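> Starting from these lines, generate the structure:
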Amino acid sequence: MDTRLLRSFLAVAHSGSFTAAAADLGFTQSTVTGHVQKLERQLGGRLLDRLPAGVVVTDLGARLVTHAEDVLAAEDRLRALSRGDTARPSGTVRIVAPESLCTYRLPAVVAAVRAREPDVQIWLGPGGVGDALDAVARGTADLALTMEPQAPVTDLTVERVGAEPLVLLDHPSSTGGRVTWSDLAARDALLIEEGCGYSDDVAAHLTAAGPASGRRSRFGSIEAVKRCAAVGLGWTALPAVSAESETATGELTVLDGPHLPPCDIHVATHPRRHRGPALDVVLTELRRTWSGER
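This is a model prediction of the structure:
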């Protein structure tokens with residue numbers, strides 16, 4: 001059996017769209033459609049139902065998913081074996097991670113990997129927890145990084161590699177002295193969009209502090225939050241690494257306030273997919289980044 005048929009089927013099954021699957025795989029939509037139709041003919045049954053709301057797998061398709069993933073994982077292992085154990089790692093590792101990690105942590109990882117193994121390339125894409133985990137599950141990413149107060153709930157293989165401290169930040173002209181959640185609730189807050197675990201936790205603390213006059217604004221970008229805080233539009237809570245430059249230059253100041261537990265950094269990979277040498281190289285560098293070994 002041509003394993004390209006299985007890859008096309010899985011891409012459609014996971015994404016729920018022939019268009020999205022074609023984009024993920026780098027095929028035309030007609031090619032993906034042809035692959036699925038050929039596979040259906042070979043197996044003697046319909047694998048996908050095309051509905052107005054999207055594509056869903058049939059009972060036969062659902063049974064095929066696990067077997068298809070096993071076959072593709074075995075194919076990856078055979079290819080690795082054929083290259084030999086002495087071959088230098090090579091290939092592209094696709095990572096989806098939060099914006100803050102893509103901007104402030106992962107460039108050093110890319111540089112370290114390039115220095116140690118120049119034939120290993122890294123593709124970085126920003127994404128929240130759901131998008132990152134979905135990308136690994138669909139096979140459009142090899143590795144997801146999450147930065148949340150709790151470990152992600154997923155069927156993927158998850159490993160904790162470190163943690164990022166959080167800080168409360170404000171314009172330097174803000175009133176000095178220690179602040180409480182009640183104090184903060186009375187002031188305008190600049191938070192990351194809903195779905196960001198640490199920002200949602202901060203919002204919950206503000207709500208628990210009781211009625212307050214402060215406004216809460218949500219943003220999709222850490223850079224936008226920092227710029228607004230720097231001109232005095234409100235305070236914020238962010239990973240410390242994302243504001244090192246601004247606190248060093250005095251654009252922002254760290255507030256003496258309630259303790260914010262650090263966000264754990266987890267790496268998620270697909271349990272059924274072969275983990276080749278290139279991915280192992282990247283995982284090693286990620287562990288070094290948060291262990292301080294580099």
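> all strands for the chain, in order.
When secondary structure is read from DSSP state E, the chain shows strands at 48-51, 54-57, 91-97, 120-126, 143-148, 157-164, 166-170, 189-192, 216-219, 235-239, 253-254, 263-269.
> Could you pull out the buried residues of the fourth one?
The neighbour-count check on strand 120-126 (16 or more other CB atoms under 10 Å) flags Val120, Ile122, Leu124, Pro126 as buried. (C-beta placed from N, C-alpha, C; glycine too.)
> now for the lowest-mean-pLDDT helix or strand in the chain, which elements pack on it?
Within the chain, judged by mean pLDDT, DSSP states H and E, the helix or strand with the poorest mean is helix 59-83; its value is a mean of 80. Under the contact definition 3 or more CB pairs under 8 Å, 6 or more residues apart in numbering; DSSP states H and E, helix 59-83 sits against helix 3-15.
> pLDDT (mean, whole number) over the helix it packs on?
The average pLDDT within helix 3-15 is 89.
> and if you look at stretch 216-229?
Rounded mean pLDDT across stretch 216-229 is 95.
> List the buried residues for that stretch?
Arg216, Phe219, Ile222, Val225, Lys226, Cys228, Ala229.
> Would you confirm that the fifth one contacts Glu246?
Yes - with contact defined as CB atoms under 8 Å, Lys226 reaches Glu246; the gap is 5.9 Å.
> Now do the same for the nearest residue to Val267 once chain neighbours are set aside: its pLDDT.
Leaving aside its sequence neighbours, Val267 sits nearest to Glu159 (CB to CB, 6 or more residues apart in numbering; 4.9 Å). Per-residue pLDDT puts Glu159 at 95.
> dump the residue contacts of Glu159.
Contact partners of Glu159, counting by CB atoms under 8 Å, 6 or more residues apart in numbering, are His266, Val267, Ala268, Thr269, Leu283.
> Compare the residues you listed and tell me which has the most neighbours.
Within the contacts of Glu159, most neighbours by other CB atoms under 10 Å means Ala268, with 25 neighbours.
> What residues are bridge-paired with that one?
Following DSSP bridges, Ala268 is listed with bridge partners Ala144, Val158.
> quick one: it from Asp131, how far?
According to CB to CB, to the nearest Å, Ala268 and Asp131 sit 12 Å apart.
> Contact partners for the residue lying closest to Leu169 once chain neighbours are set aside?
Counting by CB to CB, 6+ apart, Leu169 lies nearest to Leu252, which is 4.7 Å off, once chain neighbours are set aside. With contact set as CB under 8 Å, 6+ apart, Leu252 has these partners: Leu169, Asp170, His171, Pro172, Lys226, Ala229, Ala230, Ala243, Glu246.
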